[in-house]
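> sequence and predicted structure are below.
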Amino acid sequence: MQLSSILGSDLANWQEYAHLFVGLYAMLNVAGNLSTFLGTTARFTVREKRKCALVATVTVFLVLSVFALVGDFVLSLFGISIANVRIAGGLVLLFFSLKMMGILHSEEPPHEESAGNPIAVGVSPIGMPLLAGPGAISTVIIYAQIHETAGHSLVVLITILGVSCLLFISLQVAAIVGHRMNDTAVTVISRTTGLIVASVAMALLTAGIKQDFGLT
């Protein structure tokens, strides 16, 4: 028996989930947020940094999973169409990507080094909103509504779990060797991931406009 017949024909297009995986990880902007992570945890021991990374990863997974599961209810409650969410999410991601690539600039208060509880710091600001921000949340809501099947929802959650595992590895490495990375390397990686996010944003905008105007 074929896998698609077990989980549903909608799951045959695995490129859809690969797109979600790559785009979602890029939107977390781990490289771009590395300096903030290291600065916020500067007074932590390596063990505390690793604990903070674990808590941040769990926070990201829970936040994105909840929005993926209740996204349909939220949209119905406020009378929002999928096309509206795609357009709004695409605009959010576009501005986010422009900021990552250094095209747009916004003044942010300098972060302070924290010697507080690594669990609290892992939940906020690192877990949310630094990593699980509006761009990532919008994306999981959009992708969760592409197919209304249990199999699709399961694969979306598995994809979020996979992204969270990769995020965990990235933060663990950052906690150990991140201080050796110079500002130039961080900037180059951030610019590259920003281009990926911009591509995802344009895809969402195009799909949303086509759907909203009945061009599909």
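Thanks, I have it.

> pop out the phi and psi values for Ala56.
Backbone dihedrals for Ala56, given as degrees, to the nearest 10, come out at phi -60, psi -40.

> identify the residues contacting the residue nearest the centre of the chain.
By C-alpha atoms, centre = their mean, the chain has its centre lying nearest to Ala136, at 3.6 Å. With contact taken as C-beta atoms under 8 Å, 6 or more residues apart in numbering, Ala136 is in contact with 24, 27-28, 60, 64. From N, CA and C alone the C-beta is placed, and that goes for glycine too.

> which residue in those has the weakest pLDDT?
pLDDT is lowest at Met27 among the contacts of Ala136; the value there is 82.

> isn't Gly208 up against Ile87?
Yes - between Gly208 and Ile87 there is a contact under C-beta atoms under 8 Å: 3.8 Å.

> this structure: helices as residue ranges?
3-7, 15-28, 34-40, 46-78, 82-100, 118-121, 134-144, 150-177, 183-212 (DSSP state H).

> what residues of stretch 87-104 count as buried?
By neighbour count on 16 or more other C-beta atoms under 10 Å, the buried set for stretch 87-104 is 87-90, 92-101.

> next, format those residues as JSON lines and append distance to Gly194 and pLDDT.
Listed next are these as JSON lines, based on distance: C-beta to C-beta, whole Å; pLDDT from 0 to 100:
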{"residue": "Ile87", "distance to Gly194": "20", "pLDDT": "86"}
{"residue": "Ala88", "distance to Gly194": "19", "pLDDT": "81"}
{"residue": "Gly89", "distance to Gly194": "16", "pLDDT": "76"}
{"residue": "Gly90", "distance to Gly194": "15", "pLDDT": "81"}
{"residue": "Val92", "distance to Gly194": "14", "pLDDT": "79"}
{"residue": "Leu93", "distance to Gly194": "10", "pLDDT": "76"}
{"residue": "Leu94", "distance to Gly194": "10", "pLDDT": "85"}
{"residue": "Phe95", "distance to Gly194": "11", "pLDDT": "84"}
{"residue": "Phe96", "distance to Gly194": "8", "pLDDT": "73"}
{"residue": "Ser97", "distance to Gly194": "5", "pLDDT": "78"}
{"residue": "Leu98", "distance to Gly194": "7", "pLDDT": "84"}
{"residue": "Lys99", "distance to Gly194": "8", "pLDDT": "77"}
{"residue": "Met100", "distance to Gly194": "3", "pLDDT": "71"}
{"residue": "Met101", "distance to Gly194": "4", "pLDDT": "79"}
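
> from those residues, which is closest to Leu154?
Gly89 (22.1 Å; C-beta to C-beta).

> give me the number of residues near Pro125?
When neighbours are defined as other C-beta atoms under 10 Å, Pro125 has 18 of them.

> excluding chain neighbours, what is closest to it?
Among residues not flanking Pro125 along the chain, Thr40 sits closest, at 7.1 Å (C-beta to C-beta, 6 or more residues apart in numbering).
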